[in-house]
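> need coordinates for the below:
(chains A, B, C and D)
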2 protein chains.
Amino acid sequence: MSTSAPGQPGLRDRKKAATRQAISDVATRLFVERGFENVSVDDIASEADVARKTVFNYFPRKEDLVFDREEESVALVRHALAGRGEQSPVAAFQALMRTLLEQRHPLLRITRRSVQFWRTVAESPALSTRARELQITLADDLAAMLCEAAHMPNFDPDGRLAAAMLMDTMVIAYGEALRIFRRKGDTGAAFLQVMERGFTGVSAALAGTPYTRSP
Amino acid sequence: MSTSAPGQPGLRDRKKAATRQAISDVATRLFVERGFENVSVDDIASEADVARKTVFNYFPRKEDLVFDREEESVALVRHALAGRGEQSPVAAFQALMRTLLEQRHPLLRITRRSVQFWRTVAESPALSTRARELQITLADDLAAMLCEAAHMPNFDPDGRLAAAMLMDTMVIAYGEALRIFRRKGDTGAAFLQVMERGFTGVSAALAGTPYTRSP
DNA sequence: CAAAAATAATACACTCAGTATAATATTGTC
DNA sequence: GACAATATTATACTGAGTGTATTATTTTTG
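Just a heads-up that it's a prediction; the model follows:
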C-alpha cells in the first residue's frame, strides 16, 4: 500500500476524521429530533454503527457532542490582543467585537441555525449548564489574556472583573439579539445597543487601571 | 399519645429535621475528610444509618448536601429592594452590600470555616460547577427583582446586564477577599476595593436607565 | 383507645454516563 | 510479509439518580 505525500493526512487520519464526523452528525440529528436528554450514548453508538466506547473516545462527555469548537473564539481574541498596537487591552477587545459584529462574523451572526441550536441548548438542563461552564472557561482565558497584556499577574481581580463583565456583556447582547431575531426575523440594532452599554460600564469600572491604558 | 400544641412542630417533623441534619452532618464530615468525589452516596447513607433513597429524599442531588441555603441571600436582597424608599434599584443593592460588609454579616464575612468550605468546593469539579449554577440562579433572581423594582419586563437586557455585573462584582470581590485572607489572616480593604470598582462600572453602564433612577 | 388515613423510610430493580482493561482489527513502517 | 503502533471493540464495572411497591411510624378520627 502506497504511503501518501508527507504532510497530507494518511488513511488512518482520514478514517478518524470520518468516524468523528459520522458520530457527530448522527448525534446532532438525534438531538434535534428527540432532544438531548432523550438520546442515550448507546443510541448514538448503535445508530452510527460504532462501539459505545468509540463515542467516548472522541467526545469524552456527552455534552461535547454539542459543543466542540470553543477554541476559535479564544484564538480570535488572543490574536487581536497580540496585535493591538497602541490600544489598551480592554479597548482592543471592544474593537474586535465591534468589528466582528460589523462584518457579520459567524461567531456573532444570528441565523435560523443558531436560533435552533440555542433552543436545543435551552431545552436541556445539562446543555445549559455546560454552556455556562464554557462561558466561565472563556472568561478565565480572557482574564488571563487581559492580565498578560496589561503586564499584571493573572490572579489580578481587576483583570478578572474586566473579563467577567465583558463576557456577560457579549452573552447578554447575543441573547437579546436571539430574542429579537425570533420575533422580527432580524436583530436590528439590539446587539449593538446592549453591547455598547456593557462596554461603557467596563470602561468606567476599569478606568485608571492598566487595562484601559495604552501599553 | 398526646398531640403537641398547634403551631409547634410535631414528633414527625422533629424526626424529619433530625434525620436531615444527621445526613448533612455525616456528609459534611466525610467530604472534608476524603473530598467530595471520594465519597459516594452509599457511604453517606450507611454511615448515617439510613437508606440510600432517604438521602436522595432530602437532597435530590449529591451537590445539595453541600449547598443548601441560597434562599436567604435572595430574601435579603428582596427585602432591601422592597424598602428602598427613594433609592434607585441599583443603588439600593449597592447600599445593602456596603452595609452587610460594614456589619460583617455572615454572608460576606470571611472566616477560617468559609475558607475551608470554598477550598473543598474548589477541589471538586462537580461542586465548582454547582456553585456556578447557583450564581446563575442568583443572578436570574436578582435580574427579576431589579426589573420589577424598575417597572420593566423581566426579560429586559439592561436588568440582566445589571444583575450579571453586580453578581460578578460580588463573586470576584469575595474571591479576592478569600485569597487575601489566606495570605494575611484578614481581608484588609480588598473586598471593598474590588466591590467599589465593580459598582462604579455598573452605575456607569446603567446610567440613564430606570435602574439608576429614583422611583 | 382502636382503627384508619397520611407519610416517612426502606427494599429492590432499573437506566444511563463514564471508566478500566484486555483482546482484536486495522494501518503505518521497514 | 513481518512487526510496531494504534483505533476499535467486548466486557465488566462504579456511581448517580429514578420508579415503584412495601413496611413502619405518626397523626387523625371515630
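
> can you give me the helices in chain A?
In chain A, the helices defined using DSSP state H lie at A:11-34, A:41-47, A:52-58, A:71-82, A:89-102, A:112-123, A:125-149, A:157-184, A:190-205.

> and the third one, what does it pack against?
It stands for helix A:52-58. helix A:11-34, helix A:41-47 (3 or more CB pairs under 8 Å, 6 or more residues apart in numbering or on different chains; DSSP states H and E). In this view, the C-beta of every residue, glycine as well, is placed from N, C-alpha and C.

> interface residues of chain A facing chain B?
A:129, A:132-133, A:136, A:155, A:157-158, A:160-161, A:164-165, A:168-169, A:171-173, A:175-176, A:179, A:190, A:194, A:197-198, A:200-207 (CB under 8 Å from any CB of the partner chain).

> list only buried entries from these.
For the residues of chain A next to chain B, a neighbour count by 16 or more other CB atoms under 10 Å in any protein chain shown gives the buried set as A:129, A:132-133, A:136, A:157-158, A:160-161, A:164-165, A:168-169, A:171-173, A:175-176, A:179, A:190, A:194, A:197-198, A:200-206.

> ok, and which of the residues you listed reach DNA strand C?
When CB under 7 Å from any atom of the strand is taken as the criterion, no member of these contacts DNA strand C.

> the closest residue in space to A:Val50 that isn't next to it in sequence - how many residues pack around it?
Using CB to CB, 6 or more residues apart in numbering or on different chains and skipping residues adjacent in sequence, the residue nearest A:Val50 is A:Ile23, 6.4 Å away. By other CB atoms under 10 Å in any protein chain shown, the residues close to A:Ile23 number 22.

> A:Ile23 contacts A:Glu47, doesn't it?
No - counting by CB atoms under 8 Å, A:Ile23 does not reach A:Glu47; the two are 9.3 Å apart.

> for A:Leu166, give me its contacts.
A:Leu166 makes contacts with A:Val90, A:Phe93, A:Gln94, A:Leu142, A:Gly198, A:Phe199, A:Val202, as judged by CB atoms under 8 Å, 6 or more residues apart in numbering or on different chains.

> kindly recompute the last result at 7 Å.
A:Phe93, A:Leu142, A:Val202 (CB atoms under 7 Å, 6 or more residues apart in numbering or on different chains).

> gap between it and A:Gly159?
Distance, A:Leu166 to A:Gly159, using CB to CB, to the nearest Å: 11 Å.

> before we move on, what about A:Leu100?
Distance of A:Leu100 to A:Gly159, computed by CB to CB: 22 Å.

> between these two, tell me which one has more neighbours.
Neighbours were counted for A:Leu100 and for A:Gly159 using other CB under 10 Å; A:Gly159 has more, 28 against 18.

> gap between that one and DNA strand D?
In this view, A:Gly159 and DNA strand D are 33 Å apart by CB to the nearest atom of the strand, to the nearest Å.

> am I right that that residue is in contact with A:Leu146?
Yes - here A:Gly159 reaches A:Leu146: they are 4.8 Å apart, a contact under CB atoms under 7 Å.

> overlap of the contact sets of these two?
By CB under 7 Å, 6+ apart, the residues touching both A:Gly159 and A:Leu146 are A:Tyr211.

> show me how the record splits chain A into domains.
According to automatic domain parsing, chain A comprises the domains A:11-65, A:70-205.

> so which of those domains is the most surrounded?
Mean neighbour count, computed with mean count of other CB atoms under 10 Å in any protein chain shown, is highest for domain A:70-205 among those, reaching a mean of 18.

> quick check: residues of chain A near DNA strand D?
So far as CB under 7 Å from any atom of the strand goes, chain A lies against DNA strand D at A:Arg12, A:Lys15, A:Lys16, A:Thr19, A:Asp49, A:Val50, A:Ala51, A:Arg52, A:Lys53, A:Thr54, A:Asn57, A:Tyr58.

> now the two most distant members of those.
A:Arg12 and A:Arg52 (21.5 Å; CB to CB).

> phi and psi next, for A:Ala48.
phi -90, psi 0 (degrees, to the nearest 10).

> gap between the closest residue to it other than its chain neighbours and A:Gln116?
Spatial nearest neighbour of A:Ala48, excluding adjacent residues (CB to CB, 6+ apart): A:Val26 at 4.3 Å. Relative to A:Gln116, A:Val26 is positioned 17 Å away (CB to CB).

> go on, A:Val55?
Taken as CB to CB, the span from A:Val55 to A:Gln116 is 23 Å.

> would you mind listing where chain A has pLDDT under the threshold?
Scanning chain A for pLDDT under 70 picks out A:1-8.

> what parts of it come near DNA strand C?
So far as CB under 7 Å from any atom of the strand goes, chain A lies against DNA strand C at A:1, A:3, A:10-13, A:15, A:39-42, A:52-53, A:56, A:60-63.

> run a quick neighbour tally on A:Gly10.
Neighbours around A:Gly10, by other CB under 10 Å: 12.

> give me the most central residue, chain A.
The residue lying closest to the centre of chain A (CA atoms, centre = their mean) is A:Glu70, at 4.1 Å.

> contact partners for that residue?
A:Leu134, A:Leu138.

> leaving out sequence neighbours, find the closest residue to A:Phe36.
Nearest one to A:Phe36, counting by CB to CB, 6+ apart, is A:Ser124 at 3.9 Å.

> quick one: the one you found and A:Glu63, what's the gap?
9 Å.

> wait, A:Gly201 sits on B:Gly208?
No - using CB under 7 Å, A:Gly201 and B:Gly208 do not qualify as a contacting pair, with a distance of 11.9 Å.

> and the contacts of A:Leu166, which is closest to A:Leu30?
The closest of these, once distances to A:Leu30 are taken by CB to CB, is A:Leu142, at 33.2 Å.

> go ahead and confirm that closest one touches A:Ala163.
Yes - with contact defined as CB under 7 Å, A:Leu142 counts as touching A:Ala163 (4.1 Å).

> quickly note the distance from A:Thr209 to A:Phe36.
41 Å.

> need the contact partners of stretch A:73-83.
A:Pro89, A:Ala92, A:Phe93, A:Leu96, A:Leu107, A:Leu138, A:Asp141, A:Leu142, A:Met145, A:Ala149.

> quick one on the thing from earlier: just send the domains of chain A back as a markdown table, with distance to B:Val32 too.
Listed next are these as a markdown table, based on distance: least, CB to CB, whole Å:
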| stretch | distance to B:Val32 |
| --- | --- |
| domain A:11-65 | 28 |
| domain A:70-205 | 25 |
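
> what's the closest of those to B:Leu30?
Smallest distance to B:Leu30 across the domains of chain A (CB to CB): 24.9 Å, for domain A:70-205.

> quick check: end-to-end length of that closest one?
This stretch, domain A:70-205, spans 27 Å end to end (CA to CA, to the nearest Å).

> over to stretch A:42-60?
14 Å.
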